[in-house]
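Participant: Return atomic coordinates for the entry below.
(one chain, ligands or ions: 1)
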Amino acid sequence: MWRSRIFWRLFGAYSILLTVTFGLLGWLLIGRMENHILQEIQRGLEVKTILLRDLVNRLGEAELQEQALRVAQETNTRITLIHASGKVLADSGERLDRIENHLDRIEVQQAKTSGIGTSTRYSGTVHQPMMYVARRNDQGPVRYVRIALPLDAVATEIRWLHRVVWTATGITLIIALVVSVVIARRISAPLVTLAAAADAMTRGTGGAKVPVSSADEVGTLAASFNAMSEACAAQMAQMNQDREQLLAIFRSMVEGVLVLDAEQSILFANDAASHLLGAPLQAAIGQKVWQVFRHRQLNEAVDKILASDEPYRCDLEWPGAERRDLALQGARLPGAPHRGAVLVFHDITHLRKLETVRQDFVANVSHELKTPLAAIQATVETLLDGALQDPAHNVQFLERIRENGERLHRLVQDLLTLGRIESSQAPLELEPIPLQAAAEACMSRQADRARAREVQLIAEAPRHPMAAIADAEALAEILDNLVDNAIKYTPAGGKVALRWRAEDHDAILQVVDTGTGIPEKDLPRIFERFYRVDRARSRALGGTGLGLSIVKHLVQALGGTITAESKVGRGSTFTVRIPRAPA
Ligand code: ADP
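Facilitator: Numbering: from 1, shown residues only. This is a model prediction of the structure:
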């Protein structure tokens, strides 16, 4: 309150006004009272001059000085009796021979013309301020009687008067000033509260309330302020909520978001941006984007985004521990002049990889289809060219056509299976499948092929029967593929074993062979589509290069994993781990 300028202004104005008013009042009062006192004294002296005149008229000239002295002593005044010429005939204040002519005295001059004269001045004769009253006398030698009163006594009275009036004025002024403090406080306090609340509001602590309940304009202002503050607080809360929401959205985004100002300084970056661009961007807030990233493509893109109203899009190759492909989408922030730009980075590395895989796949499929088709075409042409009439070879040619046709059929079959699994068109029906039965069924399906290739096919069952949670068809396909491969890549006299057992909550199925084995460098890639260690051999054996890829997809669809171990010339082991049915 004491620091309130409005308080000091009000109080200052009141103080000046009150001090001037009371000062003026005191001054007028004292002036008036002083006047009154002097008038009273003057009137008294005037009366005394009448009495003195009458007394003088009864005296002889010789008695004048003596009587003047007496009366003067008794009345504590100075008596002067003056001849018409101005010569002083008697004076109680000075020796006659030392007194000059008194005709020029103001009061004497006035008395000469109007019968009575008054003057207040410093007396050179008695050396003090005096009030003089002179009266004209129209009888005898004394033409003017004059009584003078020293003003010392009056001065004491006037001093007292001053003291009383100024003390009273001072006390009243102090009381008035105290009252003015109270009034100034009353007026300024609500305004101070309002100002403090408004200040708090500008500093962002919205919702400040002003406890002012007066019914005047300040009260109305306070009520309006409170309503405004409440609306502001609600808006701020809403804004904060929106901001939090926005931040939460930005945080949860997989896309990197970077906000720049018009000078290319980083204003905001989400975690995904730091991750994608491989830099801790929270620490780079405020820095220029071209200082943080020395990446020509990005910096050119930023220039273009800031230079145009149109959104801009481009792909970036982002170097780093792992090279990434990023798609950058940028737009300038609205406003004139514009306030910066928002940059959104998408990681398209995976998409690019998929694209490459898709392209490779199409190329592979085309190639795989082309080979048997070309063979069929060539054989048909040979037959048409006359080989049809050659009984020694025509059946052989037809046999080749059938073989290639079968190969095409297998390929299309495998492609369809793969497509079906990948697009999850045929949902799996998971149920407990007794593994003994599944293995026996597989063995009986593969028995002929094993026998034909002179490979011993055996099943190694655990002591206790067990079941896996799987889809019957999918499991059959997995086992058939693995056993078929094992037979295919095991030379005559070799052995293929199908074993299964329980481990924790899983069922472990293994296909173990004593075949050619797989070189270590190829092991990680054998589950890729069309990947074959020995392409010619695989083809010769009727392989499509899709078998293990189908197996891997099916195992994953069953919620399991597949691994392969192998030693060249010693054999391979494929291990499938899928969930086990409770005993
Ligand atoms: P393919 O139709 O050629 O058999 P797969 O996808 O089934 O295709 O297998 C991919 C490649 O893995 C095969 O070409 C082969 O080189 C190798 N392979 C798979 N199983 C075995 C195995 N049991 N022994 C040796 N090599 C195998």
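
Participant: Tell me the confidence at the residue lying closest to residue 337 once chain neighbours are set aside?
Facilitator: Of all residues not flanking residue 337 in the chain, residue 262 sits nearest, at 6.7 Å (CB to CB, 6 or more residues apart in numbering). No exception for glycine: its C-beta is placed from N, CA and C like everyone else's. With respect to pLDDT, residue 262 has a value of 92.

Participant: now swap in residue 426 and tell me
Facilitator: Residue 426 is given a pLDDT of 69.

Participant: returning to what we had before: how about the residue nearest to residue 337, phi and psi?
Facilitator: Residue 262 adopts backbone torsions of phi -60, psi -20, taken as degrees, to the nearest 10.

Participant: ok, now which ones touch it?
Facilitator: Taking CB atoms under 8 Å, 6 or more residues apart in numbering as the criterion, residue 262 is in contact with 306, 337-340.

Participant: what do you get for residue 257?
Facilitator: 250, 268-270, 272-273, 342-345.

Participant: can you do 7 Å?
Facilitator: The contact partners of residue 257, by CB atoms under 7 Å, 6 or more residues apart in numbering, come to 250, 269-270, 273, 342, 344.

Participant: Just to be sure, it is in a strand?
Facilitator: Yes: per DSSP: H, G, I helix; E, B strand; the rest coil, residue 257 lies within a strand segment.

Participant: is any part of the helix or strand containing residue 501 close to the ligand?
Facilitator: Secondary structure from DSSP states H and E places residue 501 in strand 495-503. No: judged by CB under 6 Å from any ligand atom, strand 495-503 and the ligand are separated, with a smallest distance of 8.3 Å.

Participant: strands paired with the following helix or strand past that strand, and their directions?
Facilitator: Under the assignment DSSP H and E, the closest C-terminal helix or strand after strand 495-503 is strand 506-513. Counting by DSSP bridges, the strands paired with strand 506-513 are strand 495-503 (antiparallel), strand 571-579 (antiparallel).

Participant: picking up where we left off before, which among the contacts of residue 262 count as buried?
Facilitator: 306, 340 (16 or more other CB atoms under 10 Å).

Participant: possible to save the contacts of residue 262 as CSV with secondary structure and distance to the ligand?
Facilitator: As requested, these are arranged in CSV below (DSSP: H, G, I helix; E, B strand; the rest coil; distance: CB to the nearest ligand atom, whole Å):
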residue, secondary structure, distance to the ligand
306, helix, 52
337, coil, 62
338, coil, 57
339, coil, 57
340, strand, 54
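
Participant: So among the contacts of residue 262, where is pLDDT lowest?
Facilitator: residue 338 (78).

Participant: Following the chain onward from the lowest-mean-pLDDT helix or strand in the chain, which element is next?
Facilitator: None of the helices or strands of the chain scores lower by mean pLDDT, DSSP states H and E than helix 535-540, at a mean of 81. Beyond helix 535-540 on the C-terminal side, the first helix or strand identified by DSSP H and E is helix 547-557.

Participant: For the helix or strand residue 81 falls within, which strands pair with it and how are they oriented?
Facilitator: In this structure, residue 81 sits in strand 78-83 according to DSSP H and E. The sheet places strand 78-83 alongside strand 88-91 (antiparallel), strand 142-150 (antiparallel), with pairing taken from DSSP bridges.

Participant: which stretch among the ones you listed comes nearest the ligand?
Facilitator: strand 142-150 (144.6 Å; CB to the nearest ligand atom).

Participant: starting at the chain centroid, how far to that closest one?
Facilitator: When C-alpha coordinates are averaged (CA atoms, centre = their mean, to the nearest Å), strand 142-150 and its chain have centres 96 Å apart.

Participant: how far does whichever helix or strand comes after it sit from the chain's center?
Facilitator: Sequence-wise, the next helix or strand downstream of strand 142-150 (DSSP H and E) is helix 152-202. Centroid displacement of helix 152-202 relative to its chain, using CA atoms, centre = their mean, is 48 Å.

Participant: What is helix 152-202 packed up against?
Facilitator: Helices and strands in packing contact with helix 152-202 are listed as helix 5-57, helix 217-252; criterion 3 or more CB pairs under 7 Å, 6 or more residues apart in numbering; DSSP states H and E.

Participant: any idea of the pLDDT on residue 204?
Facilitator: If you check residue 204, the pLDDT there is 68.

Participant: Ok, residue 164 next?
Facilitator: pLDDT, residue 164: 91.

Participant: now residue 1
Facilitator: 61.

Participant: Equivalent analysis for the one 4 residues further on, please.
Facilitator: The per-residue pLDDT reported for residue 5 equals 83.

Participant: ok, back up a step: indicate which one of the strands paired with strand 506-513 is closest to residue 8.
Facilitator: Closest of the strands paired with strand 506-513 to residue 8 is strand 571-579, at 85.1 Å (criterion: CB to CB).

Participant: hmm, that closest one touching the ligand?
Facilitator: Yes: applying CB under 6 Å from any ligand atom, one finds strand 571-579 touching the ligand at residue 572.

Participant: List the buried residues of that strand.
Facilitator: Buried residues in strand 571-579 (16+ other CB under 10 Å): 571-578.

Participant: Closest to the ligand out of the residues you listed?
Facilitator: residue 572 (4.2 Å).

Participant: Now do the contacts for that closest one.
Facilitator: By CB under 7 Å, 6+ apart, the residues touching residue 572 are 513, 515, 517-518, 564-566.

Participant: Skipping adjacent residues, who's closest to residue 313 in space?
Facilitator: Computed as CB to CB, 6+ apart, the closest residue to residue 313 that is not its neighbour in sequence is residue 329, at 5.2 Å.

Participant: What of residue 398?
Facilitator: For residue 398, the spatially nearest residue (CB to CB, 6+ apart) is residue 383, at 7.7 Å.

Participant: so the one you found touches residue 397, yeah?
Facilitator: Yes: Residue 383 lies in contact with residue 397 (CB atoms under 7 Å); the separation is 5.3 Å.

Participant: can you list the residues of this protein near the ligand?
Facilitator: 485-486, 489, 513, 515-518, 526, 531-534, 538, 543-549, 572.

Participant: give me that answer again for 5 Å
Facilitator: 485-486, 489, 515, 518, 526, 532-533, 538, 543-545, 547-548, 572 (CB under 5 Å from any ligand atom).

Participant: mind listing which of the contacts of residue 572 are in helices?
Facilitator: Among those, no residue falls in helices (DSSP state H).

Participant: in the helix or strand residue 299 falls within, what counts as buried?
Facilitator: Residue 299 belongs to helix 296-307 when assigned by DSSP H and E. Within helix 296-307, the residues scored as buried using 16+ other CB under 10 Å are 298, 301-302, 305-306.

Participant: same question, stretch 390-400
Facilitator: For stretch 390-400, by 16+ other CB under 10 Å, it's 397, 400.

Participant: For it, what does the pLDDT average out to?
Facilitator: In the prediction, stretch 390-400 has an average pLDDT of 87.

Participant: cool, stretch 324-332 as well?
Facilitator: 94.

Participant: what do you get for stretch 431-447?
Facilitator: Per-residue scores along stretch 431-447 average to 95.

Participant: Next: stretch 451-459.
Facilitator: Mean predicted lDDT for stretch 451-459 stands at 95.

Participant: Quick check: end-to-end length of that stretch?
Facilitator: 15 Å (CA to CA, to the nearest Å).

Participant: So what touches that stretch?
Facilitator: 439-440, 443, 446-447, 450, 487, 490, 492-498.

Participant: Over to stretch 416-431?
Facilitator: Contacts for stretch 416-431 (CB under 7 Å, 6+ apart): 469-471, 474, 546, 549-550, 553-554, 557-558.

Participant: which of those tops the neighbour count?
Facilitator: residue 470 (31 neighbours; other CB atoms under 10 Å).

Participant: Alright, I will stop here.
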